[in-house]
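A.B. asks: Provided below are the primary sequence and the corresponding predicted coordinates.
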Amino acid sequence: MTKPHRTGLPKPQRGFITAADVARAAGVSRSAVSRTFTPGASVSQEVRERVQDAARAMGYRVNRLASNLISDESTLVGVVGSNLSSPFMSRQLDELSRALQRSGRQCLLFNAADARDGVEPLIESILEFRVAAIVIMSGAPPSAIIDECLKNGVRVILVNRQPDEAAGDTVVSDDIHGVGLVADRLLRAGCRKLAVVGSGVPTPSQVRRRQLFASAMAKAGREVVTWSQGTSTYDSGLEAARSLMPGSGIDGVFCTTDLIALGFLDGARACGLAVPEQVSVMGYDDIAQSAWLAYRLTTIRQSPVDLASAVVAALARSPDDGPSRAQSLLPVELVERDTVRSGA
């Protein structure tokens, strides 16, 4: 036995209210509805009010995807990232999506975690949505598909890839200065035998920071042990400490991300080592957890807010403003806490 329909409640609609539905209710043409909701379009005040009244009564919302296709001026920005649950990446995405919304754009997020054959298929999928730009937070897109994007008027912005590694606009952290600050701080702490700890995933930033640190220590005449396994996670740092520290004599460690450093701190303490008295530890990123009382990690701060602002500025840049490909270099700074011994 079917239940009677309760009176006083609106019956569910079978789909979204369309512009054609509003036009019929307002007694105007479909094009009049379109002009009403197009900034700067010509429509009489009487028609505008009739359309707006009907739209409000029916709960109509403009179909922005359809508008993008009609006007050929998309407000969608495709964002490709992986390791989205990591504190630094999630903060980056939070700041970037909000900055895009404030600029009148919308974020279309694609997770590249399972893109084992590269991000090319993802980018091809994004292009089907007629995006205005693609922001690559992770992965290395082939230059051929970047060229295809540029030919179709789609701006490509690559985050933390050096200009000589990329064909699009780049937004990069000043790793040269940042790692220089790390090396200087550990040397001032009197560290003699050092280690650099990172993931086994050869991302540009991981590789670059390891190489820069090893080079700086070689110039200072210090021995450096390199550990690179697993992914950029707490567990990798924990495993690194268990593998490296017992009986090694290592007294200074640079972890290429804060999340790895937090795991390393807990692993070193579990091995019976006092931080910073017996081993000094530094990270990179300044995620929120680094300031927690259990860690108080000395690290290098790079600002997700600055990154988001740089991406939006790149989107707003006209080709007439300069070269077709431009670089934004993001400043970094040392954040002194409690995991490195006082300088000599």
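C.D. replies: Yep, that arrived.
A.B. asks: assign residue 194 to helix, strand or coil.
C.D. replies: Remark: residue 194 carries the secondary structure label strand [criterion: DSSP: H, G, I helix; E, B strand; the rest coil].
A.B. asks: nearest spatial neighbour of it, skipping sequence neighbours?
C.D. replies: Nearest residue to residue 194, sequence neighbours excluded (C-beta to C-beta, 6 or more residues apart in numbering): residue 252, at 4.3 Å. Every C-beta, even on glycine, is put in place using the N, C-alpha and C of the backbone.
A.B. asks: tally of neighbours for that neighbour?
C.D. replies: For residue 252, the count of nearby residues is 27 (other C-beta atoms under 10 Å).
A.B. asks: now do the contacts for it.
C.D. replies: 186, 189, 191-195, 279-281 (C-beta atoms under 8 Å, 6 or more residues apart in numbering).
A.B. asks: most neighbours out of those, which is it?
C.D. replies: residue 279 (29 neighbours).
A.B. asks: per-residue confidence for the residue nearest the centre of the chain?
C.D. replies: Centroid-nearest residue in the chain, with C-alpha atoms, centre = their mean: residue 92, separated by 4.2 Å. If you check residue 92, the pLDDT there is 94.
A.B. asks: can you tell me the element it falls in?
C.D. replies: Here residue 92, judged by DSSP states H and E, is contained in helix 87-102.
A.B. asks: list of residues touching stretch 330-337?
C.D. replies: Taking C-beta under 8 Å, 6+ apart as the rule, stretch 330-337 contacts 171-175, 177-178, 181, 185, 286, 290-291, 296-303, 306-307, 310.
A.B. asks: drop anything exposed from those residues.
C.D. replies: The neighbour-count test (16 or more other C-beta atoms under 10 Å) applied to the contacts of stretch 330-337 identifies 171-175, 178, 181, 185, 286, 290, 297-303, 306-307, 310 as buried.
A.B. asks: narrow the contacts of stretch 330-337 to those in strands?
C.D. replies: 171-173, 299-302 (DSSP state E).
A.B. asks: any chance of CSV for these, columns pLDDT and distance to residue 216?
C.D. replies: Formatted as CSV, those follow (pLDDT from 0 to 100; distance: C-beta to C-beta, whole Å):
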residue, pLDDT, distance to residue 216
171, 91, 24
172, 90, 19
173, 91, 17
299, 98, 17
300, 98, 13
301, 97, 19
302, 93, 18
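A.B. asks: residue contacts, residue 93?
C.D. replies: By C-beta under 8 Å, 6+ apart, the contact set of residue 93 is 79, 81, 84, 109, 137.
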